[in-house]
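Peer 1: Quick one, structure for this:
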Amino acid sequence: MIGIIISGHGNFATGLRSSLNLIAGNPANVEYVDFVETDSTETLKEKYMSSLNNLSNCNSVLALTDLTGGSPFKTLVELKAEVATPLEVIGGTNLAMILEISMAKDFIDDLSALAATALEVGKNGIIKFELIEHEEEECEDGI
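Peer 2: Predicted coordinates for the structure are as follows:
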């Protein structure tokens, strides 16, 4: 079973939890870690260790953060080298990604495959609306 940690600056994680719960319910084995103004990176690391402990029933963990290169991302990357649990870290998380992964983790048991799915869904969830005008075509046969 794969656990998930969602993290980011401010209330990014708990904000996404609110959206996820509204749309899809409260998925099991998902931890939410906010990096608030009063936290140091050491405090953040302690929060991650607590989350990993809460996910001890999982054989691996996918960590999703807001910004690649930000403190939540970098701290998780550092932890990856320190913990025994297999851990993948992805930056640039969006709601489409989290919705898909929170359900997919129940039937995808390969951490690399779940991470690849997260990247694909996250990228495909970003679009720009384009209004396309269609010309009406005349049909001579009445259809």
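Peer 1: mind checking which helix or strand residue 99 is in?
Peer 2: helix 95-104 (DSSP states H and E).
Peer 1: Give the buried residues for that helix.
Peer 2: 96, 97, 98, 99, 100, 101, 102 (16 or more other C-beta atoms under 10 Å). To be clear about C-beta, it is placed using only N, CA and C from the backbone, and glycine gets the same treatment.
Peer 1: List the residues that contact the first one.
Peer 2: Applying C-beta atoms under 8 Å, 6 or more residues apart in numbering to residue 96 gives the contacts 121, 122, 124, 125.
Peer 1: Report the two of these separated the most.
Peer 2: Farthest pair in those (C-beta to C-beta) is 122 and 124. Separation: 7.4 Å.
Peer 1: quick one: which of the two has more around it?
Peer 2: The neighbour count for residue 122 versus residue 124, taken as other C-beta atoms under 10 Å, is higher for residue 122 (20 against 11).
Peer 1: thought that one was touching residue 95?
Peer 2: No. Using C-beta atoms under 8 Å as the test, residue 122 is too far from residue 95 to be in contact (9.5 Å).
Peer 1: for the buried residues of helix 95-104, which one is nearest residue 13?
Peer 2: Residue 13 lies nearest to residue 98 out of those, by C-beta to C-beta, at 9.9 Å.
Peer 1: Does that closest one touch residue 21 like I think?
Peer 2: No. Look at residue 98 against residue 21 with C-beta under 8 Å: they stay out of range, at 11.1 Å.
Peer 1: Could you look up the SS state of residue 114?
Peer 2: helix (DSSP: H, G, I helix; E, B strand; the rest coil).
Peer 1: From residue 16, how far off is it?
Peer 2: 17 Å (C-beta to C-beta, to the nearest Å).
Peer 1: nearest spatial neighbour of residue 49, skipping sequence neighbours?
Peer 2: residue 79 (7.6 Å; C-beta to C-beta, 6 or more residues apart in numbering).
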